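# From the sequence below, what's the structure:
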Amino acid sequence: MQDMMVAIGNFGFPMVVTAFLLVRIEGKLGQLNESILLLTRTIAQK
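Take a look at the predicted model:
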């Protein structure tokens, strides 16, 4: 049982942090993509 707790501590926490960061970065990348598309359209119109 103690080995299981150590394994969760060693792998569970980094996995949760990684998942959280990936979800946050995904949203930011979507916004960045929209901004780049808007900038491309704006430049193309001039």
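# For the one helix or strand residue 41 maps to, give the mean pLDDT please.
If you go by DSSP states H and E, residue 41 is part of helix 13-45. Mean per-residue pLDDT for helix 13-45: 94.
# next one: that helix to chain centre, how far?
Centre-to-centre, helix 13-45 and its host chain are 8 Å apart (CA atoms, centre = their mean, to the nearest Å).
# Pull out the buried residues from it.
Using 16 or more other CB atoms under 10 Å as the test for burial, helix 13-45 gives no buried residues. Every C-beta, even on glycine, is put in place using the N, C-alpha and C of the backbone.
# Now do it: which elements does it pack against?
Packed against helix 13-45, as judged by 3 or more CB pairs under 8 Å, 6 or more residues apart in numbering; DSSP states H and E, are no other helices or strands.
# what comes into contact with stretch 37-46?
For stretch 37-46, contacts defined as CB atoms under 8 Å, 6 or more residues apart in numbering pick out no residues.
# any idea how far that stretch is from the chain center?
The answer for stretch 37-46 is 27 Å, by CA atoms, centre = their mean.
# before we move on, what about stretch 9-23?
For stretch 9-23, the distance to the chain centre is 11 Å (CA atoms, centre = their mean).
# contacts for it?
Contacts for stretch 9-23 (CB under 8 Å, 6+ apart): none.
# For that stretch, output the C-alpha coordinates as CSV.
What follows is stretch 9-23, C-alpha atoms only, in CSV (Å, rounded to 0.1, in the frame of the first residue of the first chain):
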residue,chain,number,x,y,z
GLY,A,9,2.9,10.9,-5.5
ASN,A,10,5.6,10.5,-8.0
PHE,A,11,3.4,10.2,-11.1
GLY,A,12,0.0,11.4,-10.2
PHE,A,13,0.8,14.9,-9.4
PRO,A,14,3.0,15.6,-12.5
MET,A,15,0.2,14.1,-14.6
VAL,A,16,-2.4,16.3,-13.1
VAL,A,17,-0.2,19.4,-13.6
THR,A,18,0.6,18.5,-17.2
ALA,A,19,-3.1,17.9,-18.0
PHE,A,20,-4.0,21.3,-16.4
LEU,A,21,-1.4,23.1,-18.4
LEU,A,22,-2.3,21.5,-21.7
VAL,A,23,-5.9,22.5,-21.2
